[in-house]
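K.L.:
no sequence for this one, just the structure:
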């Protein structure tokens, strides 16, 4: 029982009982999700190849059990009883928010047939493995049949969920990741942002100076990079008593609840900034998960509100913190303990500059802050068309390459560095990508609010003082879980609705001086 | 559908349908067991401390779901239909064996209330964590309340399962690990064996020579030991495409099916033989699991027949292979590639001798072949009394230490090296330990049969020829799953019922010459 549920007691006993039973049931259904999350992590980090098929069947069964538990008509009865009790539902209480969010989930889940849920789980487990192999072999043809299956299944899913009037099938999928998100609303943000970013990129390319990339080309042993990344992740506040950090092909944050959060990152011999950026990024996700209240585990109030808000936490730690001059002024003297003399020659200016190189490239997760959103926009355009049915999976590589040329003016050399680079579609996640850019915008706006609330925030980074920021995020964002919808949360935390203003100001304020532009 | 199920078709269609539905259901229920197995492995190797409580709840829910799936009355109906069809049940077919074994499981599971199953799962998950902490801190008092809970729950379990007439509560628990095993039958084997081993130990202690222990005292880097263990495990036939090897406090073999088998071992700076012995032991278990037929996954014919037979496979590779002179003659020249010059001074005689040191000690998993069974006998006596109610958990340390003095003539210095050393009771497993000694006897008897069947078997080890043995085990033992009960399997494979004759002959034949006794 959470402290919140103990507070109000103005409603009838039977509604209270219905509510408690509802919550107990939801918590139990949540256990299955947690089990699936650990198995997903295991599949990406530990499982031998021989486990693929059976793991797919395990996921399919868990998905079916989870779906049954989430759609049992008793939930509908409990919800109806709570909703019909005006005294209980009064006043924006924690209980109201729980009931509202459980209703949202229940209505969505009951629209999906069990066979579809189970099939999606099994196919996407196998497809992830096929994707990893196809990517390794630079072989789109190997992945194509799986992509086709997943597009078909997601089109069915969208049709079951129902396309909102005036909307398109993609909207139904996106709403499961970001409540209220539509292709139209995304386009409204993305189109002007693309023009502003294009202008900034032109200006930077024509700037009077350019930071040196030398630090990013310095080979540093992978073991030492892991040790260093672990130190940084711990210093910024990720709790290793309640989590771990491993390596995987595609960095991610998984785990089953706030007491067991699992980050992965990846290493190459050169470019510590890649590994560090990935590690801090995933740690940002991880600290959100660890900041959810243990008392609310398994219920909406103990669950992250949306992927956009989730991404704001990872971006904020990766960029606003990890690419700031004050962070590097803390970081720089610590390099030698991991890397010996190999990093001695780099000044603070050189390190700060190297963390902020802008250079159009092929790989989204390696992209700098200024080009990153272009990668997202490409994926958004394409998945919208795939789900709409107007782009066939077989034509994906050509369209992908065409858009990269248009948006970033680069020629994609192969599918491994093109449309095979991301895990998301193989996981069956369509409508997910735009949350990366929404998160980027939220991050800048949240950081702006944090700076106003905490005097000397950025200066403190130079002394390793990351705790004030984490505590502010814990209090303002993490502790609420799904109590407020993303738009309301943004207004409560920052005083304004989401816009790209803070982001562009932050980005231009940092990059123009570095590039003399 | 397995090849076996395709063969016979003399029965009515409806029985065939019932059988297929039964098998599909059993396979599905088996998925839940596999999920639990991966989570157990994860808990012992990967899970951060903060995951303990929630993991316990996850296990409890999975146990409840698994129990529901294994006890649904439809199983009883399908079984009854198959059993009443004489044409179908005729002739010792694969189907007969499946039906017989599913019946055994169903009758057992339906005797256990869901609450007990779920409580045992949750408590034993937490107790394992508490045990690991208590062992680290040498603090029996910390573990005691958990032991008390587990003894109480297991006494309830025994009473639900029903004590066979003339038997005792322990028998009901042991039967779940080793069909047909009773305290009386174990005592009948253990009592004379103890006397024979005691005599052998006396003779060895008074022998005219003693192998040098120097190799076991040589410090070798843990990383290199891991690399070497991995090489050996792969060479003897463990398939890393379908498995992995990690470290944990207590070595074990886990995983969810023949395509995903997970071994753990442990390392100390000195004593490569400990790590190697544990690795080969667990690989023996692992190769049994990998040798089960993929087509029968999740059904009795795709499942190991008993813990005693399982242990025969681990013991056989650890001892009959791993402590043989011919194995070391293959192994010796390979040491330098992992350990450089540190092992150069050891002759084949010295290595073979060091692998066969007999020395009473405190730790079961470190014990040599001659004293090992004494450790098992201590545990058997004590758990029998705990489950009987005539020994209280609080008195366990004193009784443990008394028996070690009586059986091995040593004074246990602390509980960490005494009654806290093993994970089994914390996992809620009572009635398990004797299967170690049964397995030791089976191993010797199987190896004797293998030598008769494969000319030059042992000599081949010297050239790295381990495949003939593995293929023989695959064919004679692994491929059958639970088709034959342990006693029948033993007679089929070796031509005789289980006895300690082969074991004592093997042991004396090796140790007396080494010790001049």
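P.N.:
That came through, no problem. Computed from a predicted structure; not experimentally measured.
K.L.:
tell me which parts of the stretch 301-450 of chain A are close to chain B?
P.N.:
Among all residues of the stretch 301-450 of chain A, none is adjacent to chain B (criterion: CB under 8 Å from any CB of the partner chain). Any C-beta I mention is one placed from the backbone N, CA and C, and that applies to glycine too.
K.L.:
where in the stretch 301-450 of chain A is pLDDT low?
P.N.:
Under the criterion pLDDT under 70, no range of the stretch 301-450 of chain A is flagged.
K.L.:
pick out the residue nearest the middle of chain A.
P.N.:
If you average the C-alpha coordinates of chain A and look for the closest C-alpha using CA atoms, centre = their mean, you land on residue A:311, 4.1 Å from that point.
K.L.:
leaving out chain neighbours, which residue sits closest to that residue?
P.N.:
In space, and not counting its chain neighbours, residue A:311 is closest to residue A:439: 2.3 Å by CB to CB, 6 or more residues apart in numbering or on different chains.
K.L.:
likewise for residue A:239?
P.N.:
Beyond its immediate neighbours in the sequence, the residue positioned closest to residue A:239 (CB to CB, 6+ apart) is residue A:290, lying 5.6 Å away.
K.L.:
contacting residues around the one you found?
P.N.:
A:238-239, A:242-243, A:258, A:261 (CB atoms under 8 Å, 6 or more residues apart in numbering or on different chains).
K.L.:
find me the pLDDT at it, would you?
P.N.:
Here the pLDDT value assigned to residue A:290 is 98.
K.L.:
okay, buried residues for the host helix or strand of it please.
P.N.:
When secondary structure is defined by DSSP states H and E, residue A:290 falls within helix A:272-291. For helix A:272-291, the buried set under the neighbour-count rule, 16 or more other CB atoms under 10 Å in any protein chain shown, comprises A:272-291.
K.L.:
for the stretch 51-200 of chain A, which residues are neighbours of chain B?
P.N.:
Residues of the stretch 51-200 of chain A found near chain B (CB under 8 Å from any CB) are A:51-55, A:57-58, A:61-62, A:65.
K.L.:
just the ones of those residues in helices?
P.N.:
By the criterion of DSSP state H, membership of those in helices covers A:52-55, A:57-58, A:61-62, A:65.
K.L.:
let me have these in JSON lines, adding pLDDT and neighbour count as columns.
P.N.:
As requested, those are arranged in JSON lines below (pLDDT from 0 to 100; neighbours: other CB atoms under 10 Å in any protein chain shown):
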{"residue": "A:52", "pLDDT": "90", "neighbour count": "19"}
{"residue": "A:53", "pLDDT": "89", "neighbour count": "17"}
{"residue": "A:54", "pLDDT": "93", "neighbour count": "22"}
{"residue": "A:55", "pLDDT": "93", "neighbour count": "28"}
{"residue": "A:57", "pLDDT": "93", "neighbour count": "22"}
{"residue": "A:58", "pLDDT": "95", "neighbour count": "26"}
{"residue": "A:61", "pLDDT": "95", "neighbour count": "23"}
{"residue": "A:62", "pLDDT": "95", "neighbour count": "22"}
{"residue": "A:65", "pLDDT": "95", "neighbour count": "22"}
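K.L.:
in a markdown table, list the residues you listed along with distance to residue A:121.
P.N.:
Shown next, in a markdown table, are those (distance: CB to CB, whole Å):
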| residue | distance to residue A:121 |
| --- | --- |
| A:52 | 14 |
| A:53 | 13 |
| A:54 | 13 |
| A:55 | 10 |
| A:57 | 9 |
| A:58 | 9 |
| A:61 | 8 |
| A:62 | 7 |
| A:65 | 11 |
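K.L.:
list just the nearest of the residues you listed to residue B:103.
P.N.:
residue A:61 (23.7 Å; CB to CB).
K.L.:
need the contact list for the closest one.
P.N.:
Contacts of residue A:61 were listed using CB under 8 Å, 6+ apart, and they are A:118, B:28, B:31-32.
K.L.:
can you check which helix is longest in chain A?
P.N.:
Assigned via DSSP H, chain A shows its longest helix as helix A:13-45.
K.L.:
would you map the strands across the stretch 101-250 of chain A?
P.N.:
Counting by DSSP state E, counting those that start in this stretch, the stretch 101-250 of chain A has strands at residues A:243-247.
K.L.:
how about low-confidence regions in it?
P.N.:
In the stretch 101-250 of chain A there are no weaker segments when pLDDT under 70 is taken as the threshold.
K.L.:
how about 80 then?
P.N.:
Across the stretch 101-250 of chain A, residues meeting the criterion (pLDDT under 80) sit at A:249.
K.L.:
follow-up on the earlier one: for the residue nearest to residue A:311, grab the count of nearby residues.
P.N.:
Here the neighbour count serves as a burial measure; for residue A:439 (other CB atoms under 10 Å in any protein chain shown) it reads 26.
K.L.:
isn't it right next to residue A:317, touching?
P.N.:
No - contact status for residue A:439 versus residue A:317: not in contact, 11.6 Å apart, counting by CB atoms under 8 Å.
K.L.:
tally of neighbours for the residue of the stretch 51-200 of chain A found nearest chain B?
P.N.:
Closest contact between the stretch 51-200 of chain A and chain B, by CB to the nearest CB, is at residue A:51 (3.3 Å). Counted with other CB under 10 Å, residues neighbouring residue A:51 total 28.
K.L.:
now do residue A:157
P.N.:
Based on other CB under 10 Å, the number of other residues close to residue A:157 is 23.
K.L.:
what do you get for residue A:223?
P.N.:
The local packing of residue A:223 (other CB under 10 Å) involves 10 other residues.
K.L.:
OK, contacts around it?
P.N.:
Going by CB under 8 Å, 6+ apart, residue A:223 touches no other residue.
K.L.:
next: residue A:463.
P.N.:
Residue A:463 makes contact with residue A:330, according to CB under 8 Å, 6+ apart.
K.L.:
10 Å instead, please
P.N.:
With contacts defined as CB atoms under 10 Å, 6 or more residues apart in numbering or on different chains, the neighbours of residue A:463 are A:326, A:329-330, A:456.
K.L.:
mind giving me the ChimeraX command for buried ones among those residues?
P.N.:
If you want just the buried ones from those in ChimeraX, going by 16+ other CB under 10 Å, the selection is:
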select /A:326,329,330
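K.L.:
quick revisit: show me what the host helix or strand of the residue nearest to the centre of chain A is packed up against.
P.N.:
Taking DSSP H and E as the criterion, the element that holds residue A:311 is helix A:307-315. With contacts taken as 3 or more CB pairs under 10 Å, 6 or more residues apart in numbering or on different chains; DSSP states H and E, helix A:307-315 sits against helix A:169-177, strand A:253-257, helix A:272-291, helix A:434-453, helix A:486-494.
K.L.:
angle of it against helix A:272-291?
P.N.:
Helix A:307-315 runs at 130 degrees relative to helix A:272-291, counting by axes from the mean of the first three to the mean of the last three CA atoms, to 10 degrees.
K.L.:
quick one: the helices in the stretch 151-300 of chain A?
P.N.:
Here the stretch 151-300 of chain A has its helices, by DSSP state H, counting those that start in this stretch, at A:169-177, A:183-205, A:222-236, A:272-291.
K.L.:
now do the first one: distance to the chain's middle.
P.N.:
Spelled out, it's helix A:169-177. Between the centre of helix A:169-177 and the centre of its chain there are 16 Å (CA atoms, centre = their mean, to the nearest Å).
K.L.:
helices or strands up against it?
P.N.:
Going by 3+ CB pairs under 10 Å, 6+ apart, helix A:169-177 lies up against helix A:94-111, helix A:140-161, helix A:183-205, helix A:307-315, helix A:372-388, helix A:434-453.
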